[in-house]
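Participant: Give the three-dimensional model of this entry:
(4 chains)
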2 protein chains.
Amino acid sequence: MNIGQAAEHSGVSAKMIRHYESIGLLRPAARSSNTYRQYGEQDVHELRFIGRARSLGFSMKEIGELLSLWRDRERPSGDVRQVAARHLSDLEGKLAEMQAMVTTLRKLIHACHGDERPDCPILEDLAGAPARRSLS
Amino acid sequence: MNIGQAAEHSGVSAKMIRHYESIGLLRPAARSSNTYRQYGEQDVHELRFIGRARSLGFSMKEIGELLSLWRDRERPSGDVRQVAARHLSDLEGKLAEMQAMVTTLRKLIHACHGDERPDCPILEDLAGAPARRSLS
DNA sequence: GTTACACCTTCCCACGATGGGAAGGTCAAC
DNA sequence: GTTGACCTTCCCATCGTGGGAAGGTGTAAC
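Facilitator: Numbering: from 1, shown residues only, chains lettered A, B, ... in the order given. Next up is the predicted model:
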């Protein structure tokens, strides 16, 4: 199967498949005589794996680790868990950061009457509140 | 005051100050005879404004809008509010996405015993579950 | 003075993940 | 044999930030 089919079956764009190969995430695909990349069921399976891992926010580097763990039938599940746990705590950190932003923004937007008058607590906050503003 | 001082007083790195100028977010700084950029209190004020807006996750483009609204004493607060509200809803979307990831990851990690045995629900999920896996 | 050091300047490159698009080769069907 | 859909590689853009080179400047100590 050519790259277009592989893309269609895996949900990963042809562009990205080539990219993943170029950064060493995937082993170089076999080529047919016309230099077209050739893919089989197992390749599509790997591509789907990558797609799902991406949808959980894993980085390319982490996916590389997960892929090699996946390929190794003897891996200790603890190794996998460790990769996932590290990623989870990254995510939780970012999540908390974003939640703080959202909370602050909601307050500011709520406080702004949002009409044609010029006074605006949003700008006042950005312009002035000392250091870690709005956490109050 | 030179760029280093401005950076120190504003919390925005010198590198970033130059960058903001180069993309037109800031007006070109005055130069002293030695070609060094010169900054005053108002500039530091603007830099802090930018830093605070960044810490609320506003994009450079949005910050440009906010800055020009801030500079205009007659702006309707509704304009500001609209920029903030759009950003908030972007954030809320990403937040929900990340929350879904976190929820799924927590479940998977919880299900993985994480020892030396090779069987691992995390990899099984990535490898197999149909389409929108793990939302169950 | 001159040497050393801290600062400034511009310019280019890198990240991470993705996409756009050009320029060119290949294959199928009609 | 031409058209159109596919494939190839290569470069560029995004967004915000930082690293670092190569070179100019300012200041302070010797």
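
Participant: what's in contact with stretch A:99-108?
Facilitator: With C-beta atoms under 8 Å, 6 or more residues apart in numbering or on different chains as the test, stretch A:99-108 has contacts from A:121-122, A:125, A:133-135, B:55-57, B:84, B:87-88, B:91-92, B:95. C-betas here are computed from N, CA, C, even on glycine.

Participant: switch the cut-off to 10 Å
Facilitator: Outside stretch A:99-108, the residues that touch it by C-beta atoms under 10 Å, 6 or more residues apart in numbering or on different chains are A:120-126, A:132-136, B:55-58, B:80-81, B:84-85, B:87-89, B:91-92, B:94-95, B:98-99.

Participant: Return a ChimeraX selection command for the buried portion of those residues.
Facilitator: In ChimeraX, a selection of the buried entries from the contacts of stretch A:99-108 looks like this (16 or more other C-beta atoms under 10 Å in any protein chain shown):
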select /A:120,121,122,123,124,125,126,133,134 /B:55,56,57,58,80,81,84,85,87,88,91,95,98
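
Participant: Can you tell me which of the contacts of stretch A:99-108 end up in helices?
Facilitator: Filtering the contacts of stretch A:99-108 for membership in helices, criterion DSSP state H, returns A:121-126, B:55, B:80-81, B:84-85, B:87-89, B:91-92, B:94-95, B:98-99.

Participant: closest point of chain A to DNA strand D, which residue?
Facilitator: The nearest approach of chain A to DNA strand D comes at A:Gly4, 2.6 Å away (C-beta to the nearest atom of the strand).

Participant: in what helix or strand does that residue lie?
Facilitator: helix A:3-10 (DSSP states H and E).

Participant: Report all helices and strands that that helix contacts.
Facilitator: Contacts defined by 3 or more C-beta pairs under 10 Å, 6 or more residues apart in numbering or on different chains; DSSP states H and E place helix A:3-10 against helix A:14-22, strand A:37-38, helix A:41-55.

Participant: between it and helix A:14-22, how big is the angle?
Facilitator: 100 degrees (axes from the mean of the first three to the mean of the last three C-alpha atoms, to 10 degrees).

Participant: which parts of helix A:3-10 are buried?
Facilitator: Going by 16+ other C-beta under 10 Å, helix A:3-10 has these buried residues: A:3, A:6-7, A:9-10.

Participant: Sketch out the low-pLDDT regions of chain A for me.
Facilitator: Flagging of chain A using pLDDT under 70 yields the residue ranges A:129-136.

Participant: Pull the contacting residues for the residue minimising distance to the centre of it.
Facilitator: With distances taken as C-alpha atoms, centre = their mean, A:Gly57 lies nearest the centre of chain A, 3.3 Å away. Applying C-beta under 10 Å, 6+ apart, we find A:Gly57 in contact with A:87-88, A:90-91, A:94, B:97-98, B:100-102, B:104-105.
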